[in-house]
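1. here you go, sequence then predicted model.
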Amino acid sequence: MADDLRRSLGLYPTLMISIGAMIGSGIFVLPAIGFDEAGPSVVIAYLLAALVALPAALSKAELGTAMPESGGDYLYIERALGPLAGTVAGIGAWFSLAFKSAFALVGLGAYLTLITPLGATQLSLVGVGLAVLIVTLNILGTELTGKAQAVVVTVVVLGLVAYVGNTVWLAGTGSTAADPSRLSGLTDSNPGTVVTAAALVFVSYAGVTKIASVAEEVKNPDKNLPRGILGSLGIMSVVYVGVIGCIVMLNDPAVLTGSAGGHGASLTPMADGASALFGGYGTVVVSVLATVALLSMANAGVLSSSRFPLAMSRDELLPEALQTVDPRFSTPRNSILLTGGVLVVLVAFVPVVTLAEMASAFIMLVLSIINVSLIAFREADLDAYSPAFRAPGYPVVQILGTVVGFGMITQLGLVAVLGAAGITVGGAVIYLLYGQSRASHDSALAALRGDVDDDTSVISTEDAQ
C-alpha cells in the first residue's frame, strides 16, 4: 500500500494552484477565438461559462470535504456511480488536463516568437524542455510546487491588474489606442453564437475544480477546499471580464479575427495592441507575462492530472506501480512520470489546439457527471457520507448544471464530440480489459439499489480521514 501524501498546502497555495490552472490559455490564447465567434459579446460568453461551471464547483466543494483524497473527478464519480464510470472519468479527466497543459506550452511558443528569433523547430524543443522541467519540479515535492505556483501566479495577477489599469487609463484620456466604443456591440450578438463562444472558452474554467484532485495534500480541507474552489472561480470570473474587455478595447476587430492579413484568429490576443501600454514596452511585457502564466498553467495541470492514475491504481483499476510514492519527496513519482511522458509526446508531435477542443467537450461531460454523483450521494443518505460543506440549492442547481452542460457539448461541433466519445470508449475498454476483474469498491448508486450492506464500504475510513 502506498504511503500517505503530506498535507502541505495552505489556503493561499491552494487558491494559487486553482487560479494557475485557469490563468493561462483562457486569457492569453482563447479570447480572439471567442471573439471570432461572438464579437464583443465574448465578454458575456466568459460570464456564461462561469455560470455553467458553478454547479460543478459547488458539488465538488461538498464532495471534496467528504472525501479529502487524491483523485478528484475520478474518486467522486467512482464512489458515486461505480468503477466503470470512475474509470472513464479518470482516464478522460487525466487526458483532458494533459491536453490542456500541452496546449499551454504551445501557446507559450506563440508568445515567444514575438520576443525571440527562435524558429518552429527550436520552439518545439523549448516546449519539450519546459515539459521535462515541470515534471522534475513536480517530483521534487508538492510543497515546493505549491510555493513556486503561489509566487508565479501572484506575479501574473499583478501584471494583469496593471494591464487593465493601463488600458482603462488610456481609454479615459481619449487615446485612440484604447477605444471603449469597440464594446458597443456587447449585447448585439445572436444568443446562439454567445452560447457557442461560451462552449469554446469553457476550458478556461476547467482548472477551478482541479485542486480537489490534490485534496489529500491540502491542510484543513474542510475549510480550504471550498474556499479554494469557490474563491478561485469568483476571482477568475472578475479577472476574465476585465482582461477580455480590455483586449476588445485595444484591438481592431480585424486584428483579433485574422481578417487583417493573418491566418485565422490570433493566438497572441493580449500582445496585440499592447504596444501602447507600459511606456511603449507593452508587447514585450505582455509576452513575458504570458510565458510565465502559460508555464504556470502547464505546471498546475501536471500537478493535478498526475493524481488521477494514483487514485485509480489504489482502487486496482490501473497497475499497482502507479501508486508508488517517492520516499524522499512524498510525491506520486511514477504517476507524474507517466503524465510527463504523455505531455512531452503531445507537445512534440500532436496538433494540440484540436485536442484541446476535444478535451473541453469531455471536461463539460465530466463536470456534468459530477453533479449527478452528488445527487447519488445525497439520495443514498449514507451514514458514512458526512461533508463539512453542503452545496446550496440542491438538487435544482445540480440538475440545471447537468442539463446545461450536456447541451453546451453539442455546440462544440462533431469533431470535438467524437473525440470525447473516443476517450469515453477508451476508458471503458481499459476497465473491461484490466479493472473489471479487480474492482471491488461499492458505490452510492449500489447503495440506492440496496446492494450494499455496510455503507462504510462506499467511503472507506481512509477516504473520510
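-> Sure, I can see it. Keep in mind that this is a model prediction, so the values were computed, not measured.

2. what segments of the stretch 51-200 of the chain are helices?
-> Counting by DSSP state H, counting those that start in this stretch, one finds helices in the stretch 51-200 of the chain at the ranges 73-81, 83-115, 120-140, 142-172, 191-201.

3. out of those, which one sits most buried?
-> Comparing the helices of the stretch 51-200 of the chain by mean neighbour count (mean count of other C-beta atoms under 10 Å), helix 73-81 comes out on top with a mean of 28. C-beta: built from backbone N, CA, C; applies to glycine.

4. and that helix, average pLDDT?
-> Averaged across helix 73-81, pLDDT comes to 87.

5. which residues sit against that helix?
-> 60, 63, 67, 69, 71, 85-87, 89-90, 93-94, 209, 212-213, 308, 311-312, 315, 317, 366-367, 369-370, 372-374, 376-377, 441, 443-445, 458-459, 463 (C-beta atoms under 8 Å, 6 or more residues apart in numbering).

6. ditto for stretch 175-194
-> Stretch 175-194 has contacts (C-beta under 8 Å, 6+ apart) with 37-41, 43-45, 48, 167-168, 170-171, 245-246, 248-251, 253, 273, 276.

7. returning to that earlier point: would CSV of the helices of the stretch 51-200 of the chain with distance to Ser437 be doable?
-> CSV is the format used below for those (distance: least, C-beta to C-beta, whole Å):
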stretch, distance to Ser437
helix 73-81, 16
helix 83-115, 11
helix 120-140, 31
helix 142-172, 33
helix 191-201, 38
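
8. among those, which comes closest to Gly340?
-> helix 120-140 (3.3 Å; C-beta to C-beta).

9. what angle do helix 83-115 and the closest one make with each other?
-> Counting by axes from the mean of the first three to the mean of the last three C-alpha atoms, to 10 degrees, helix 120-140 lies at 130 degrees to helix 83-115.

10. got the residue ranges for the helices in the stretch 251-400 of the chain?
-> Using DSSP H, counting those that start in this stretch, the helices of the stretch 251-400 of the chain run over residues 253-257, 282-305, 307-314, 333-349, 352-380, 396-409.

11. buried residues, the first one. List them.
-> By neighbour count with 16 or more other C-beta atoms under 10 Å, helix 253-257 contains the buried residues 253, 255-257.

12. report the distance from that helix to the chain centre.
-> Relative to its parent chain, helix 253-257 has a centroid offset of 27 Å by C-alpha atoms, centre = their mean, to the nearest Å.

13. that helix - contacts with which helices or strands?
-> Applying 3 or more C-beta pairs under 8 Å, 6 or more residues apart in numbering; DSSP states H and E, one finds that helix 253-257 contacts helix 31-38.

14. contact partners of the helix it packs on?
-> By C-beta under 8 Å, 6+ apart, helix 31-38 touches 42, 44-46, 189, 193-194, 196-197, 200-201, 243-244, 247-248, 253, 256-258, 264-267, 269-270, 272.

15. confirm for me that Val157 is in contact with Ile27.
-> No. Using C-beta atoms under 8 Å, Val157 is not in contact with Ile27, being 10.6 Å away.

16. find residues that contact each of these two.
-> With C-beta under 8 Å, 6+ apart as the test, Val157 and Ile27 both reach Val239.

17. what's the distance between Thr154 and Ile369?
-> 34 Å (C-beta to C-beta, to the nearest Å).

18. lowest average confidence, helix or strand, in this protein?
-> The weakest-scoring helix or strand in the chain, judged by mean pLDDT, DSSP states H and E, is helix 120-140 (a mean of 74).

19. next one: it to chain centre, how far?
-> In terms of C-alpha atoms, centre = their mean, the centre of helix 120-140 is set 20 Å apart from its chain centre.

20. and stretch 399-406, by the same measure?
-> Using C-alpha atoms, centre = their mean, the offset of stretch 399-406 from its chain centre is 18 Å.

21. can I get it in CSV, CA atoms only?
-> Output in CSV follows, covering the C-alpha atoms of stretch 399-406 (Å, rounded to 0.1, in the frame of the first residue of the first chain):
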residue,chain,number,x,y,z
ILE,A,399,-30.0,19.3,-12.3
LEU,A,400,-29.6,22.6,-14.2
GLY,A,401,-25.8,22.2,-14.3
THR,A,402,-26.1,18.7,-15.8
VAL,A,403,-28.7,19.7,-18.4
VAL,A,404,-26.9,22.8,-19.5
GLY,A,405,-23.5,21.1,-19.5
PHE,A,406,-24.8,18.4,-21.9
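
22. in that stretch, which residues are buried?
-> So for stretch 399-406, counting by 16+ other C-beta under 10 Å, buried means 400-402, 404-405.

23. nearest to Ala98, of the residues you listed?
-> When the buried residues of stretch 399-406 are compared against Ala98 (criterion: C-beta to C-beta), the nearest one is Gly405, at 21.3 Å.

24. contacts only, for that closest one.
-> Gly405 sits next to 52, 56, 364-365, 367-368, 371 when contact means C-beta under 8 Å, 6+ apart.

25. could you redo the last one with a cut-off of 6 Å?
-> By C-beta atoms under 6 Å, 6 or more residues apart in numbering, the contact list for Gly405 reads 364, 367-368.

26. redo the buried residues of helix 253-257 as TSV? Include pLDDT and distance to Leu414.
-> Compiled in TSV, the buried residues of helix 253-257 are given as follows (pLDDT from 0 to 100; distance: C-beta to C-beta, whole Å):
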residue	pLDDT	distance to Leu414
Pro253	91	28
Val255	90	30
Leu256	90	26
Thr257	87	23
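
27. of those residues, closest to Gly228?
-> Closest to Gly228 out of the buried residues of helix 253-257 is Leu256 (32.8 Å), distances taken as C-beta to C-beta.

28. how far away is that closest one from Thr268?
-> Counting by C-beta to C-beta, the gap from Leu256 to Thr268 is 10 Å.

29. and if you look at Gly427?
-> Here Gly427 is placed at a distance of 35 Å from Thr268 (C-beta to C-beta).

30. repeat for Leu338
-> According to C-beta to C-beta, Leu338 stands 32 Å off from Thr268.

31. and for Gly90?
-> For Gly90, the distance to Thr268 equals 34 Å [C-beta to C-beta].

32. ok, and the closest non-adjacent residue to Leu448?
-> Nearest non-adjacent residue to Leu448, counting by C-beta to C-beta, 6 or more residues apart in numbering: Ala380, 4.9 Å away.

33. check Met236 too.
-> Per C-beta to C-beta, 6+ apart, closest to Met236 is Met22, 4.9 Å.

34. just to check, the one you found is in contact with Gly207?
-> Yes. Contact criterion C-beta atoms under 6 Å: Met22 and Gly207 qualify, at 4.2 Å.

35. excluding its backbone neighbours, what's nearest Ser18?
-> Spatially, and ignoring its direct neighbours in sequence, Ser18 is nearest to Ser232 (3.8 Å; C-beta to C-beta, 6+ apart).

36. no, scratch that, I was asking about Ser386
-> Going by C-beta to C-beta, 6+ apart, Ser386 has Ala66 as its nearest residue, at 6.5 Å.
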